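# Sequence first, predicted coordinates after that:
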Amino acid sequence: MTVSSGCVDVRGAVKRFGGKEVIRSISLQVERGEIFGLLGPSGSGKTTLVKIIAGIDEATNGEIYLLGEKLPKLAMMNRIGYMAQSDALYAELSAKENLEFFGALFGLKGSKLKARMQYVMELVGLGGHLGRTVSAYSGGMKRRLSLAVALMHEPEVLILDEPTVGIDPLLRQSIWRELEALGRSGTTIIVTTHVMDEAEKCNRLGMIREGRLIALGTPADLKNQTGGGTIEEAFLRYGGGQE
Ligand SMILES: Nc1ncnc2c1ncn2[C@@H]1O[C@H](COP(=O)(O)OP(=O)(O)OP(=O)(O)O)[C@@H](O)[C@H]1O
């Protein structure tokens, strides 16, 4: 048996939908406690790749290891927090009921469940809105609640698909501070974005275009290698622009 290196180890991942190859042999490793950003234009394959890493979708070819285990593996779901691009919440229930439901799925109950609910809601700036029905939440509040849900069971690996869309700059900053703190405490974070200032906050970045990984490195390395401009310029230099 091959031993996988890193906390997340993607080896030659390929994904085809029908005849169309949307992930074209991507390999990358993410270390424990790293914040790894996937940057790329709309339709480049970011969501498809993170779904494969989260074990929600299966690669057509290639191997994915998470925390040393080869995917797919059902037991890994307890160790992963996944926040999808569209919010998977029960609109007719309150935030508290949503958190209780998802918490229960991960075996949380009693005082632990309650404490965790309070903690994650404070973290995303929704401390005062536990009792409110989700249908009365704004788009940004739903995003924040989705993040709170993903954090409920203290996952070792957190996979976030465009977590800050629709969230105002101030709260976005505070969420990023929390992500950085989670990273420092050992949580591994994979985040997709097309916001350049968020890309700057990642420890390392993978730039994706048309299903291919076109560059991989720290934001500073990627900028230096392309003449010291911005991340956006680096992305274009690596050939990341839209056709
Ligand atoms: N279930 C599916 N069936 C067929 N094609 C799909 C499916 N899911 C994704 N695709 C295609 O795969 C490609 C990559 O899509 P994906 O959603 O991964 O891109 P993305 O980089 O996350 O884009 P965005 O930033 O807009 O979310 C697109 O061409 C998309 O149409």
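In hand now; what should we look at?
# Pull up the residues of this protein that are close to the ligand.
Where the chain comes near the ligand, counting by CB under 6 Å from any ligand atom, the residues are 17, 22, 40, 42-48, 85. Yep, even glycine has a C-beta here, placed from its N, CA and C like the rest.
# go with 5 Å
Counting by CB under 5 Å from any ligand atom, the chain comes close to the ligand at 17, 22, 42-48.
# residue ranges of the helices in this protein, please?
Using DSSP state H, the helices of the chain run over 46-53, 95-105, 110-123, 139-151, 169-184, 196-201, 219-225, 231-237.
# In JSON lines, list the residues of the chain next to the ligand along with pLDDT.
Converted to JSON lines, these look like this (pLDDT from 0 to 100):
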{"residue": "Phe17", "pLDDT": "96"}
{"residue": "Val22", "pLDDT": "97"}
{"residue": "Ser42", "pLDDT": "89"}
{"residue": "Gly43", "pLDDT": "92"}
{"residue": "Ser44", "pLDDT": "94"}
{"residue": "Gly45", "pLDDT": "96"}
{"residue": "Lys46", "pLDDT": "96"}
{"residue": "Thr47", "pLDDT": "96"}
{"residue": "Thr48", "pLDDT": "97"}
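# Determine which two of those residues are furthest apart.
Farthest pair in the residues of the chain next to the ligand (CB to CB) is Phe17 and Ser42. Separation: 16.2 Å.
# Select only the buried ones of the residues of the chain next to the ligand in PyMOL?
The buried subset of those, as determined by 16 or more other CB atoms under 10 Å, is captured in PyMOL by this line:
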select buried, resi 22+44+45+46+47+48
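# Endpoints of stretch 208-219, how far apart?
14 Å (CA to CA, to the nearest Å).
# quick check, distance from it to the centre of its chain.
Distance, stretch centre to chain centre, for stretch 208-219: 16 Å (CA atoms, centre = their mean, to the nearest Å).
# Adjust the sequence numbering to begin at 7 for everything that follows.
Right, with 7 as the first residue, what we last looked at is stretch 214-225.
# List the buried residues for that stretch?
Within stretch 214-225, the residues that count as buried by 16+ other CB under 10 Å are 214-222, 225.
# average pLDDT for it?
For stretch 214-225, the mean pLDDT works out to 96.
# Tell me the spacing between the spatially most central residue of the chain and Gly87.
The centroid of the chain falls nearest to Leu166 when counting by CA atoms, centre = their mean (2.0 Å). Using CB to CB, to the nearest Å, Leu166 is found at 8 Å from Gly87.
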